[in-house]
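S.K.: Sequence and predicted structure, then a few things I'm wondering about:
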Amino acid sequence: MRKTLICLLTLCLLAGMAPSAARAAEDKPVLYNAIITRNYPNSTTTVYAQMDRLSKKLDTYRAGKKLQVTAVYPGWIEIKLGSGLGYVLRNRVDQVVAVDTVNTPPYGVEVYTYMAEITQDTPVLFQPEPDAEILSLLTAGAKIALLGVENGYAKLVHKREYGYIDTRLLKEIVPIAPAVELGDADTPISVFCSFYSDNVDRINNLKVGCERLMRTLDPGETLLFNETVGPFTKANGYLPAPILIDGVTKQGYGGGSCQISSTLYNTVLQLPGVTILERHPHGASGAAYLPHGVDASSGDLNFRMRNSYDFPIRIEASCHDFCLFMAIYRADV
């Protein structure tokens, strides 16, 4: 159930709160076992003292080195390092497996608990501080998915880091249903948002793809992303825009569609009753607009999912102001 997943994730987030130099590794449980990726066999991976590549380097690991993960952040993982803790970039990690598959959320899952619609100029900040660096600027009409609220700031994932919004700029913060049984036509059971560049043709493709994606899936029904949102042709309204294939950017009709499939993937990852049938990453580095390991390619490859709930679900999607928003609703109430 989604309510159980929220509770489990809360425990994991508490275990992975902001790091402290004085905190011993034994104070934190191991959530996942992993290895340093073998995608870069001729290079080493640095372990840092903080989630900052300018911080002190504590160690270097070779490919295949086993890791004990104590917390997961958008761009980093926290690991046990002797009697202390260290930090490794998330894209240098592979084969992540939960120690307790029942009581630990799947790797990469973040459960969003609120949504809001932007009604005025609203900056997404790098830190929960009024003078912090602005990551993105949203204007009226954009919808956002929020992980929660901390000290007056709404928290979300902005690409491979957390972002913050002053809640005084948000007219209304709407809760997401804490359990799928409590969802209805106006209360989504899952939401997610991702951020993109200002490429005009790519934005056009996102809008076209969102319109083609929106639909209701009956119990047991499968959604094939390419067949639903494509074909990615001029006749369907798509324009040439950058496409990411195996980490290489090329031009092609429908460029940007992978961000729609990836945003959908992250939305349904929060729902145990949706079964992922097929999903492919964008090569070893993944898509930079999402935390590493939670992207889903489309076009040459496909993304497929099945509604395994005993009730229909409705997919809604929209893009505005560099923000792609998606929500899943119960469609039987």
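M.R.: Right, received. Where do you want to start?

S.K.: so how many other residues sit close to the nearest residue in space to P312 that is not next to it in sequence?
M.R.: Distance criterion Cβ to Cβ, 6 or more residues apart in numbering; nearest residue to P312, sequence neighbours excluded, is A331 at 4.0 Å. Just so you know, the C-beta spots here come from the backbone N, C-alpha and C atoms, and that holds for glycine as well. As a burial measure, A331 scores 18 neighbours (other Cβ atoms under 10 Å).

S.K.: dump the residue contacts of A331.
M.R.: 185, 216, 311-314 (Cβ atoms under 8 Å, 6 or more residues apart in numbering).

S.K.: domain ranges for this protein?
M.R.: Using automatic domain parsing, the domains assigned to the chain come out as 2-98, 114-175, 180-330.

S.K.: Switch those domains over to JSON lines; also include mean pLDDT.
M.R.: Shown next, in JSON lines, are the domains of the chain (pLDDT from 0 to 100):
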{"stretch": "domain 2-98", "mean pLDDT": "84"}
{"stretch": "domain 114-175", "mean pLDDT": "96"}
{"stretch": "domain 180-330", "mean pLDDT": "93"}
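
S.K.: Out of the ones you listed, the one nearest G108 is which?
M.R.: domain 180-330 (4.3 Å; Cβ to Cβ).

S.K.: End to end on that closest one, go ahead and measure it.
M.R.: Taking Cα to Cα, to the nearest Å, the first and last residues of domain 180-330 lie 8 Å apart.

S.K.: Just give me how far that domain sits from the chain centre.
M.R.: 12 Å (Cα atoms, centre = their mean, to the nearest Å).

S.K.: Would you confirm that G255 contacts N205?
M.R.: Yes - the pair G255 / N205 is scored as a contact, 6.0 Å apart, by Cβ atoms under 8 Å.

S.K.: So between those two, which is more surrounded?
M.R.: Relative neighbour count places N205 above the other of G255 and N205, with 28 against 25, counting by other Cβ under 10 Å.

S.K.: That one against Y238, yeah?
M.R.: Yes - taking Cβ under 8 Å as the definition, N205 is a contact partner of Y238 at 5.3 Å.

S.K.: how distant is stretch 312-332 from the center of its chain?
M.R.: That offset, for stretch 312-332, works out to 15 Å (Cα atoms, centre = their mean).

S.K.: same deal with stretch 106-121?
M.R.: 10 Å.

S.K.: With stretch 128-135 instead?
M.R.: The answer for stretch 128-135 is 21 Å, by Cα atoms, centre = their mean.

S.K.: can you check stretch 120-137 too?
M.R.: Using Cα atoms, centre = their mean, the distance between the centre of stretch 120-137 and that of its chain works out at 19 Å.

S.K.: Can you tell me what sits against it?
M.R.: By Cβ under 8 Å, 6+ apart, the list of residues contacting stretch 120-137 reads 138-140, 142, 150-153, 155-156, 158-159, 161, 163-166, 169-170, 195, 321-323.

S.K.: Show the buried residues in those residues.
M.R.: 138, 142, 153, 155-156, 158-159, 163-165, 170, 195, 321-323 (16 or more other Cβ atoms under 10 Å).

S.K.: List just the nearest of these to R212.
M.R.: Using Cβ to Cβ, the buried ones among the contacts of stretch 120-137 come closest to R212 at C323, 19.0 Å.

S.K.: quick one on the thing from earlier: farthest pair in the buried ones among the contacts of stretch 120-137?
M.R.: Of all pairs in these, the most separated under Cβ to Cβ is K159 and L170 at 20.7 Å.

S.K.: Could I get the phi/psi values of the spatially closest residue to K171 that is not a sequence neighbour?
M.R.: Among residues not flanking K171 along the chain, T119 sits closest, at 4.7 Å (Cβ to Cβ, 6+ apart). The phi/psi pair for T119 (degrees, to the nearest 10) reads phi -120, psi 0.

S.K.: so T119 makes contact with R168?
M.R.: No - contact criterion Cβ under 8 Å: T119 and R168 do not qualify, at 11.9 Å.

S.K.: between those two, who's got more neighbours?
M.R.: A count of neighbours by other Cβ under 10 Å puts T119 above the other of T119 and R168, at 14 against 8.

S.K.: ok so, going back, what residues are shared contacts of N205 and Y238?
M.R.: Common neighbours of N205 and Y238 (Cβ under 8 Å, 6+ apart) are 232, 254, 257.

S.K.: Touching both of G255 and N205, which residues are there?
M.R.: 239, 241.

S.K.: Report pLDDT for the closest residue to L269 other than its chain neighbours.
M.R.: Counting by Cβ to Cβ, 6+ apart, L269 lies nearest to V109, which is 5.1 Å off, once chain neighbours are set aside. On the pLDDT scale, V109 is placed at 92.
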